[in-house]
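> have a look; sequence and predicted model below, questions after that.
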Amino acid sequence: MRILVIVSAMQSLGFAFCVSLFLASINVVISSSSPKKESTKQRAVFVFGDSLYDPGNNDFLNISIDLKADYPPYGETFFKYPTGRCSDGRLISDFIALHVNLSVWKPYLEPGKQQFINGANFASAGAGALARTNPSTLNLERQLSLFMNVVNTLTQQLGNAEAKKLLTNAVYLSSIGGVDYEHFKSDYPNATESMKLEYVNWVIGNITNAIKEIYKVGGRRFAFQNVAPVGCFPAVRQDYNLSGPQCEEEMLALATLHNNALSNVCRKLESQLSGFKYLIFDFYNSLLDRIKNFSKYGFKEGYKACCGSGVYHGSNCGIAEYDLCTNPNDHLFFDGHHPTEHANSQLEQLLWSGNPNVTWPLSMKQLFEFDEPEISNLADDDLFMHA
């Protein structure tokens, strides 16, 4: 069907990164497609990332419409209203929360008193590991600063000993970097191989610094979702006028460089940091396999998004004139950059309990069930009251 939505002077924006507004006062009724609650250990979860994990923090920033999505048809499948999430429903991070007996996420920036004993979600649509990537968003450094505020709050509320225990037992889940590489390709279309390597090292360096800062305050369990095959996204294929199964190969190569570097740095940190445990979810190949073989996974469409304009519905979902499919569950992508809730549910199952070819060296379930790491090498003064 053809839908016309009247918006402000920002109609010319090419595409929208999506974020969410979730009403904390409502206890969401979980549908039959929700994951079975399997974890026997209760742990806080702290989430960092971009639009793939964002529950709506950008709605509380002074930011342009292309970095928001608090308008229809987002949220139509599960919430029945636009929550601002980058999907028709829940995200991978939401399904993980449900798997461990938590509620779907609300934005950390949402006004009002919040309790952080179950964690918090700092993710921001359009955010990068680099401050230069969409500087109006919550980049990784800003998300880390917000997390340190939570550390101080927990210490004041619980006392040093209980806060230390909570932070050490918690899981730190992240998905960031993809937006950095989209910007790099746009800013440096003729980049040399040395420039690409330098940029990847820069991104990985910022992620490594964030890991070490979290480790200093007690963090021991880290779950990393690696960078997606951005070059195969409907928005990118549309922008580069690609046809059939073609993808933008340079962007795929950048993502591969990043993902290899992420694996290497995690192995290095495991050897350097006592008690450091991690997993890497191979989001890149898990999503790429679904793009190339969508019917194998129950989708009727893997190239064209459910919502948007252009040959692949790669842009303008919810903005100006756009097309909207009748059943998002048939589509792998909801808009030009983001999976549908149905796809997110499948992908989260791989993160939760996938085999070692998909999530290694542990699955998320194993990371939750893993015995308590050693923290004796940390002094109390190193753990708390960070600015």
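Arrived safely. Values in this document were obtained by computation on a predicted structure and should not be read as measured data.

> show me the strands in the stretch 201-350 of the chain, by range?
Ranges of strands within the stretch 201-350 of the chain are 221-225, 277-281, 307-308, 320-324, based on DSSP state E, counting those that start in this stretch.

> elements contacting the third one?
The one in question is strand 307-308. Here strand 307-308 touches strand 320-324, going by 3 or more Cβ pairs under 8 Å, 6 or more residues apart in numbering; DSSP states H and E. Placement of C-beta: from N, CA and C, glycine included.

> same question for the strand it packs on, mean pLDDT?
Averaging pLDDT along strand 320-324 yields 93.

> redo the strands of the stretch 201-350 of the chain as TSV? Include mean neighbour count and distance to residue 238.
What follows is these, written out as TSV (neighbours: other Cβ atoms under 10 Å; distance: least, Cβ to Cβ, whole Å):
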stretch	mean neighbour count	distance to residue 238
strand 221-225	24	24
strand 277-281	22	27
strand 307-308	28	9
strand 320-324	17	13
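
> for those strands, which one sits closest to residue 116?
The closest of the strands of the stretch 201-350 of the chain to residue 116 is strand 221-225. By Cβ to Cβ, the value is 16.8 Å.

> got TSV for the strands of the stretch 201-350 of the chain, with distance to residue 369 too?
TSV is the format used below for those (distance: least, Cβ to Cβ, whole Å):
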stretch	distance to residue 369
strand 221-225	11
strand 277-281	11
strand 307-308	38
strand 320-324	41
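
> out of the ones you listed, which is closest to residue 232?
Proximity to residue 232 (Cβ to Cβ) singles out strand 307-308 among these, at 15.6 Å.

> who's in contact with that closest one?
15, 73, 88, 234, 313-318, 322-325, 328, 334-336 (Cβ atoms under 8 Å, 6 or more residues apart in numbering).

> count the neighbours of residue 235 for me.
If you count neighbours by other Cβ atoms under 10 Å, residue 235 ends up with 25.

> got it, and residue 242?
For residue 242, the number of neighbouring residues by other Cβ under 10 Å comes to 18.

> cool, and residue 166?
20.

> buried residues, the helix or strand where it lies. List them.
Under the criterion DSSP states H and E, the helix or strand holding residue 166 is helix 160-169. Buried positions in helix 160-169, judged by neighbour count with 16 or more other Cβ atoms under 10 Å: 163, 164, 166, 167, 168, 169.

> that one packs against which elements?
Helix 160-169 is packed against helix 140-158, helix 380-383, with contacts defined by 3+ Cβ pairs under 8 Å, 6+ apart.

> can you pull out the strands in the stretch 1-150 of the chain?
According to DSSP E, counting those that start in this stretch, the strands that the stretch 1-150 of the chain contains are 2-5, 45-49, 119-121.

> partner strands of the longest one, with direction?
Yep, that's strand 45-49 we're talking about. Strand 45-49 sits in its sheet next to strand 119-121 (parallel), strand 171-175 (parallel), going by DSSP bridges.

> pretty sure residue 316 contacts residue 323?
No - at 9.5 Å, residue 316 and residue 323 do not qualify as touching, with contact defined as Cβ atoms under 8 Å.

> just the buried residues of helix 160-169 now: which is nearest residue 276?
residue 168 (11.6 Å).

> measure that closest one to residue 365 for me?
Here residue 168 is placed at a distance of 19 Å from residue 365 (Cβ to Cβ, to the nearest Å).

> tell me what the closest residue to residue 52 other than its chain neighbours is bridged to.
Once its chain neighbours are removed from consideration, residue 52 has its nearest residue in residue 175; the separation is 4.9 Å (Cβ to Cβ, 6 or more residues apart in numbering). Assessed by DSSP bridges, residue 175 has beta-bridge partners residue 49.

> kindly report the same for residue 360.
Listed by DSSP bridges, the beta-bridge partners for residue 360 are residue 280.

> pretty sure it contacts residue 278?
No - taking contact to mean Cβ under 8 Å, the distance of 9.5 Å between residue 360 and residue 278 leaves them out of contact.

> wait, residue 185 sits on residue 254?
Yes - because the distance of 6.9 Å satisfies Cβ under 8 Å, residue 185 is recorded as touching residue 254.

> please name the bridge partners of residue 321.
As for beta bridges, residue 321 partners with residue 4 under DSSP bridges.

> how close does it sit to residue 118?
Distance check for residue 321 against residue 118: by Cβ to Cβ, it reads 42 Å.

> do the same with residue 168
When residue 168 is compared with residue 118 (using Cβ to Cβ), they lie 15 Å apart.

> do the same with residue 270
27 Å.

> ok, residue 61 next?
Computed with Cβ to Cβ, the distance linking residue 61 and residue 118 is 24 Å.

> can you check residue 70 too?
Distance, residue 70 to residue 118, by Cβ to Cβ: 24 Å.

> excluding its backbone neighbours, what's nearest residue 169?
Once its chain neighbours are removed from consideration, residue 169 has its nearest residue in residue 43; the separation is 5.1 Å (Cβ to Cβ, 6+ apart).

> same check on residue 279?
Nearest residue to residue 279, sequence neighbours excluded (Cβ to Cβ, 6+ apart): residue 362, at 4.5 Å.

> my guess is the one you found contacts residue 270. True?
No - with contact defined as Cβ under 8 Å, residue 362 and residue 270 do not form a contacting pair (11.2 Å).

> rounded mean pLDDT for the helix holding residue 166, please.
In this model, helix 160-169 carries a mean pLDDT of 96.

> start the count at 435, not 1, going forward
With 435 as the first residue, the last one maps to helix 594-603.

> quick one: that helix to helix 574-592, angle?
140 degrees (axes from the mean of the first three to the mean of the last three Cα atoms, to 10 degrees).
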